[in-house]
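Undergrad: With the input below, show me the fold.
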Amino acid sequence: MDDFYREEILEHYTHPHHYGILECPDISHEEHNPLCGDRVRFDIDLDDDGQTVKDVRFSGVGCAISKASASMLSDLIVGKKLDDIKALTKEDVMDELGLNLGPVRLKCALLPLKVVKAGVYGLSGDADQASDDEAQDDW
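TA: Numbers count the residues shown, from 1 in each chain. Next comes the predicted model:
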């Protein structure tokens, strides 16, 4: 693993961005990875247009990869339209992390994306679509 990416992941793990909860979020969704016990919740506030992420917080417990992925994803989605979030892929997450991961660690890295997309699809009444999404393919 490249030292830069190792340091970046440790930085996000020890000092996660957007960590916490929102009082009355427009979107809130939580899931866990039964293989390792990682649990992630995302709370999202939307702008007045109801289509743009104004603020985000995540909470939960997990390994360094899961927590770093959630922190990086939280940075990535602030200011994004919900349709742009729906279009995020596992490759986008992997590019942020800068790592090649095996199947078990891949599930850790993709859990935050799974949570965010399930919450976004649930808001728009497309909860079934979330299960068809490519981020779910590795679950």
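Undergrad: Tell me the pLDDT of Glu134.
TA: Listed pLDDT for Glu134 reads 50.
Undergrad: Can we start the residue count at 49 from this point?
TA: Okay, using 49 as the starting number, the last item reads as Glu182.
Undergrad: Packing partners of the longest helix anywhere in the chain?
TA: Secondary structure assigned by DSSP state H gives helix 151-171 as the longest helix of the chain. Judged by 3 or more CB pairs under 8 Å, 6 or more residues apart in numbering; DSSP states H and E, helix 151-171 is in contact with strand 75-80, strand 87-94, helix 112-125, helix 130-134, helix 138-145, helix 175-180. For every residue, glycine as well, the C-beta is placed using N, CA and C.
Undergrad: that's a helix at Glu56, yeah?
TA: Yes: counting by DSSP: H, G, I helix; E, B strand; the rest coil, Glu56 falls inside a helix.
Undergrad: could you dump stretch 120-139 to CSV, C-alpha only?
TA: C-alpha atoms of stretch 120-139 as CSV (Å, rounded to 0.1, in the frame of the first residue of the first chain):
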residue,chain,number,x,y,z
MET,A,120,-14.2,10.5,2.5
LEU,A,121,-17.7,9.9,1.1
SER,A,122,-19.2,12.5,3.4
ASP,A,123,-16.7,15.0,2.0
LEU,A,124,-17.6,13.9,-1.5
ILE,A,125,-21.4,14.3,-1.2
VAL,A,126,-21.7,17.7,0.4
GLY,A,127,-23.1,20.1,-2.3
LYS,A,128,-24.1,17.2,-4.6
LYS,A,129,-27.5,16.7,-6.2
LEU,A,130,-29.3,13.5,-5.2
ASP,A,131,-29.2,12.2,-8.8
ASP,A,132,-25.4,12.6,-8.7
ILE,A,133,-25.2,10.6,-5.5
LYS,A,134,-27.3,7.9,-7.1
ALA,A,135,-24.8,7.8,-9.9
LEU,A,136,-21.8,7.2,-7.6
THR,A,137,-20.1,3.9,-8.2
LYS,A,138,-17.9,1.6,-6.2
GLU,A,139,-15.0,2.8,-8.5
